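>>> I need the structure of the sequence given here:
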Amino acid sequence: MSVLISSLEVKDIRFPTSLEGHGSDAMLLFATETFAMGVNMPARTVVFDTIRKHDGKSPRNLLPGEYIQMAGRAGRRGLDTTGLVIILCKGDVPEISDLQAMMQGKPTHLESRFRLTYTMILNLLTVAVIRVEDVMKRSFAEFHTRKDSHQQEVELKTLSKQVESIKKVSCYLCQEDLQEYYNTCKTLNELRYALQWTSITHSQIKALSIGRVVVVNTEKHVHALGVVLSLYAANRHSKFKTLVICDKQSQDRNSQSNEVPARKLKVKMVLKTNLYQPEGICWHDVVELVASDVYEITSKTLDVNAEKILSDWNTRQIPRFRDKAVSQYTSVVVQELLRLTEDNPEGLPALNPVKDLKIQDMDFVEKFIKMQSLQEKVTDYKCLMCQALNQHFAEHDYNMELKEKVKVLYYQLSEESLLLLPEYHQRIQVLEKLNFIDNKMSLQLKGRVGCEISHHELILTELIFEFFCRKS
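Predicted coordinates for the structure are as follows:
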């Protein structure tokens with residue numbers, strides 16, 4: 001039997017090595033938390049005298065991380081198939097909830113205590129081999145951002161080769177202004193999404209109330225009229241169910257198709273397109289949309305019984321009711337949407353958020369004016385006359401996505417992504433202003449004095465120099 005108190009010195013760390021062999025006489029070891037958590041010494045069985053401890057302020061139960069560290073000693077690799085953990089119950093049996101929180105709770109979140117100090121910066125500036133940026137990279141504060149650096153380097157090499165192999169579009173029309181058209185489309189999509197989201201989630205207005213007619217633009221439904229049936233909580237991820245008109249045959253083909261969908265464009269093309277009109281029998285689809293799926297919020301509203309329509313749709317999604325006749329509530333709305341499409345092929349009047357919704361926010365108004373200006377400009381590009389514009393735009397979108405990934409990886413692997421870099425630059429500016437270093441990062445006399453002071457180095461150095469200046 002061996003006893004080890006909590007005062008564990010460096011020389012005592014060699015103590016467990018004598019207990020690990022088969023010929024050890026020590027069958028039982030009494031140890032405190034310091035030994036159990038600080039030394040890697042496996043045992044066949046771990047016994048907890050209690051699950052309570054005093055942390056210097058008040059008694060509490062063991063934290064999940066503390067319990068796992070100590071209980072994890074149970075079971076010797078290569079000697080035991082299982083490890084046994086025993087908790088002594090000297091008084092009352094611990095509550096199940098307390099045991100569950102201790103054994104299965106989330107471990108304590110580790111936070112880096114690494115801090116940039118003026119003394120550290122000044123001392124590192126005297127060493128030519130080690131830079132401050134290198135020390136920051138190796139700190140625990142940067143662990144989560146740097147742990148995948150090797151994988152990112154491999155990915156960067158692969159993507160860089162793909163970027164180098166990109167060929168220019170052979171079309172003379174697209175070569176002239178496809179890039180500019182792409183940038184305009186990207187800006188328009190971003191502005192439209194921001195304005196749509198503000199219009200939808202504004203606390204004092206209800207732009208997407210039930211019955212509002214909208215123009216839907218998704219991969220499945222392109223520039224088709226729809227009517228809002230229900231609305232979820234108003235936030236950036238809010239969704240709303242919308243009835244959208246479509247062609248019955250295409251709807252049946254989509255439901256039975258097993259084809260792999262084409263790559264989704266990162267930037268949607270902005271074209272002056274007429275409203276979608278079904279070629280065959282006009283049918284409908286009920287879909288969940290987000291703000292980015294709404295191309296336009298029109299000023300038109302319909303009187304709909306949303307509850308009846310949704311109930312009818314959900315019933316017909318059950319296989320045995322799939323051939324059930326469409327309810328009158330649904331049929332009337334579909335016919336009204338079709339009539340609006342036929343009467344207004346170029347589109348319905350859009351809801352003006354500034355005039356109709358009375359949104360007076362300056363930033364919103366500026367974005368709205370900019371969007372209107374770009375919408376007038378977007379039809380003047382020469383690349384729009386290209387017969388293969390869709391293909392060329394998709395290729396360019398893919399190439400731009402590759403370049404963006406390369407740019408992001410370069411940033412993640414560079415020193416610019418260091419979390420403490422802005423603070424480091426600020427401290428360097430302070431040191432330059434106080435003449436501790438010059439503009440070439442070389443230490444001055446004040447800097448050499450500051451290297452020898454561990455606390456309040458700037459204040460003490462300034463006081464020392466002020467004292468000697470006055471004395472001289």
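>>> from here on, contacts and neighbour counts on C-alpha atoms
Noted.
>>> how much space between Glu432 and Asp380?
Distance, Glu432 to Asp380, by C-alpha to C-alpha, to the nearest Å: 53 Å.
>>> so those two - more neighbours on which side?
Under the criterion of other C-alpha atoms under 10 Å, the comparison of Glu432 against Asp380 puts Glu432 first, with 19 against 11.
>>> contacting residues for the more buried one?
Counting by C-alpha atoms under 8 Å, 6 or more residues apart in numbering, Glu432 touches Asp438, Asn439.
>>> do the same with Gly226
By C-alpha under 8 Å, 6+ apart, Gly226 lies in contact with Val213, Val214, Val215, Val216, Thr242, Leu243, Val244, Ile245, Leu337.
>>> list the beta-bridge partners for the second one.
For Val214, the residues forming beta bridges with it (DSSP bridges) are Gly226, Ile297.
>>> which one of the contacts of Gly226 is nearest Pro319?
Leu243 (20.2 Å; C-alpha to C-alpha).
>>> which parts of the helix of greatest length in the chain are buried?
If you go by DSSP state H, the chain has its longest helix at helix 172-201. Within helix 172-201, the residues that qualify as buried are 173-174, 178-179, 181-182, 184-189, 191-201, counting by 16 or more other C-alpha atoms under 10 Å.
>>> show me the strands in the stretch 1-150 of the chain, by range?
2-4, 29-31, 45-48, 52-54, 59-61, 84-87 (DSSP state E, counting those that start in this stretch).
>>> of those, which is nearest Val294?
The nearest among those, by C-alpha to C-alpha, is strand 59-61 at 53.0 Å.
>>> what are the contacting residues of that closest one?
Contacts for strand 59-61 (C-alpha under 8 Å, 6+ apart): Ile51, Arg52, Lys53, His54, Asp98, Met102.
>>> what about 6 Å?
Strand 59-61 has contacts (C-alpha atoms under 6 Å, 6 or more residues apart in numbering) with Ile51, Arg52, Lys53.
>>> got the phi and psi for Glu288?
When read as degrees, to the nearest 10, the backbone of Glu288 gives phi -90, psi 130.
>>> that one and Pro278: what is the separation?
Glu288 sits 21 Å away from Pro278, going by C-alpha to C-alpha.
>>> with Leu110 instead?
Note on Leu110: its distance to Pro278, by C-alpha to C-alpha, is 59 Å.
>>> how about Glu432?
Going from Glu432 to Pro278 by C-alpha to C-alpha gives 71 Å.
>>> can you check Ser230 too?
24 Å.
>>> cool, Thr379 as well?
As judged by C-alpha to C-alpha, Thr379 and Pro278 stand 26 Å apart.
>>> higher neighbour count, the two?
Comparing Thr379 with Pro278 by other C-alpha under 10 Å, the one with more neighbours is Pro278, at 17 against 14.
>>> kindly indicate whether that one is helix, strand or coil.
Under the three-state scheme (DSSP: H, G, I helix; E, B strand; the rest coil), Pro278 adopts coil.
>>> wait, it touches Gln249, no?
No - in this structure, Pro278 is not within contact of Gln249 by C-alpha atoms under 6 Å, at 9.5 Å.
>>> returning to what we had before: what subset of the contacts of strand 59-61 is buried?
The buried subset of the contacts of strand 59-61 - by 16+ other C-alpha under 10 Å - is Ile51.
>>> and the contacts of strand 59-61 as a markdown table, adding distance to Glu423?
Below are these laid out as a markdown table (distance: C-alpha to C-alpha, whole Å):
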| residue | distance to Glu423 |
| --- | --- |
| Ile51 | 42 |
| Arg52 | 41 |
| Lys53 | 39 |
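>>> any idea how many residues pack against the nearest residue to Ile68 once chain neighbours are set aside?
Closest residue to Ile68 in three dimensions, ignoring its sequence neighbours and counting by C-alpha to C-alpha, 6 or more residues apart in numbering: Met103, at 7.2 Å. Residue neighbour count, defined by other C-alpha under 10 Å, stands at 18 for Met103.
>>> likewise for Met371?
Met371: 20 neighbours (other C-alpha under 10 Å).
>>> SS state for it?
State at Met371, reduced to three classes by three-state DSSP: helix.
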